[in-house]
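Trainee: after the sequence you'll find the predicted model.
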Amino acid sequence: QQPVQSPQAVILREGEDAVINCSSSKALYSVHWYRQKHGEAPVFLMILLKGGEQKGHDKISASFNEKKQQSSLYLTASQLSYSGTYFCGTENTGNQFYFGTGTSLTVIP
Amino acid sequence: EPEVTQTPSHQVTQMGQEVILRCVPISNHLYFYWYRQILGQKVEFLVSFYNNEISEKSEIFDDQFSVERPDGSNFTLKIRSTKLEDSAMYFCASSLAGGSSYNEQFFGPGTRLTVL
């Protein structure tokens, strides 16, 4: 039931773009995106509630394709502060929540 | 800004001992969660709690685990007889709503549990 993320890890230079994908084998009601820095708790980025929904703030945006049971997180013009592990989180029933496998993002100068 | 707090920040215990991890969710939140993260691995859902009862639990949350809201502010996770493999960071989270509603989860800083 755990969603699968790809890639597992990515290294970017400052200013480059990245896409992180999240897919589930189960029907999704919503998709959350969180970022976790080393040794810290996950921090909420955004939630997408409907198929086809897209959201964004600053240079981080996401889309949710309900039919394909997939979501993608887009990071544009990456900054050093974007480094961390990104998790998608999905709800497919009630209040049971599953984090994805995680994507480690490293932004280098 | 309101935040979720957890105590202790680090707990060391002997195998077979009982531990209680404590959390104070954000005061107007209604849904509470426990997660664990083994070092270097993914965050794993343990249990969600709403209206003074367990809403959902994962396969990890077996009879060794229990949760309680003993008063209006605390939310606890008890592990009855700890095993070495229980060593992990345990995160508490709370949200205003749950289910398919807009329910951003706010995470506490975590309790690192070390079982010797």
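Mentor: Perfect, thanks for sending it. Numbering: from 1, shown residues only, chains lettered A, B, ... in the order given.
Trainee: beta partners for the nearest residue to B:Arg36 once chain neighbours are set aside?
Mentor: Leaving out its chain neighbours, the residue that sits closest to B:Arg36 by Cβ to Cβ, 6 or more residues apart in numbering or on different chains is B:Ala88, at 4.4 Å. Heads up, the C-betas are built off the backbone N, CA and C, glycines and all. Listed by DSSP bridges, the beta-bridge partners for B:Ala88 are B:Leu113.
Trainee: try A:Arg35
Mentor: A:Val43, A:Tyr86.
Trainee: moving C-terminal from the helix or strand of chain A with the lowest mean pLDDT, which element do we reach first?
Mentor: For chain A, scoring each helix and strand by mean pLDDT, DSSP states H and E identifies strand A:54-57 as the least confident one, at a mean of 68. Counting by DSSP states H and E, the next helix or strand C-terminal to strand A:54-57 is strand A:60-65.
Trainee: do the next helix-or-strand element following that next one and chain B meet?
Mentor: Remark: after strand A:60-65, the chain's next helix or strand is strand A:70-75, criterion DSSP H and E. No. On the criterion Cβ under 8 Å from any Cβ of the partner chain, strand A:70-75 is out of touch with chain B, staying 14.8 Å away.
Trainee: in strand A:70-75, what's buried?
Mentor: A:70-73, A:75 (16 or more other Cβ atoms under 10 Å in any protein chain shown).
Trainee: stretch B:54-61 now?
Mentor: Using 16+ other Cβ under 10 Å as the test for burial, stretch B:54-61 gives B:55-58, B:61.
Trainee: how far out from the middle of the chain is that stretch?
Mentor: 11 Å (Cα atoms, centre = their mean, to the nearest Å).
Trainee: give me every residue that touches B:Asn74.
Mentor: Shown in contact with B:Asn74 (Cβ atoms under 8 Å, 6 or more residues apart in numbering or on different chains): B:22-24.
Trainee: among these, who's most crowded?
Mentor: B:Cys23 (26 neighbours; other Cβ atoms under 10 Å in any protein chain shown).
Trainee: bridging residues for that one?
Mentor: Beta-bridge partners of B:Cys23, as defined by DSSP bridges: B:Gln6, B:Phe75.
Trainee: ok, it - contacts?
Mentor: Per Cβ under 8 Å, 6+ apart, neighbours of B:Cys23: B:4-6, B:32, B:34, B:74-77, B:92, B:108.
Trainee: can you tell me which residue is nearest the centre of chain B?
Mentor: Residue closest to the average C-alpha location in chain B (Cα atoms, centre = their mean): B:Trp34, at 2.8 Å.
Trainee: quick one: the strands in chain B?
Mentor: Secondary structure of chain B (DSSP state E): strands located at B:5-7, B:10-13, B:19-24, B:31-37, B:43-50, B:53-57, B:65-68, B:75-79, B:88-95, B:106-107, B:111-115.
Trainee: make JSON lines out of the ones you listed and add distance to A:Ala9 and mean pLDDT.
Mentor: Shown next, in JSON lines, are these (distance: least, Cβ to Cβ, whole Å; pLDDT from 0 to 100):
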{"stretch": "strand B:5-7", "distance to A:Ala9": "29", "mean pLDDT": "96"}
{"stretch": "strand B:10-13", "distance to A:Ala9": "28", "mean pLDDT": "96"}
{"stretch": "strand B:19-24", "distance to A:Ala9": "30", "mean pLDDT": "97"}
{"stretch": "strand B:31-37", "distance to A:Ala9": "17", "mean pLDDT": "93"}
{"stretch": "strand B:43-50", "distance to A:Ala9": "17", "mean pLDDT": "90"}
{"stretch": "strand B:53-57", "distance to A:Ala9": "30", "mean pLDDT": "89"}
{"stretch": "strand B:65-68", "distance to A:Ala9": "31", "mean pLDDT": "96"}
{"stretch": "strand B:75-79", "distance to A:Ala9": "31", "mean pLDDT": "97"}
{"stretch": "strand B:88-95", "distance to A:Ala9": "20", "mean pLDDT": "94"}
{"stretch": "strand B:106-107", "distance to A:Ala9": "23", "mean pLDDT": "92"}
{"stretch": "strand B:111-115", "distance to A:Ala9": "24", "mean pLDDT": "97"}
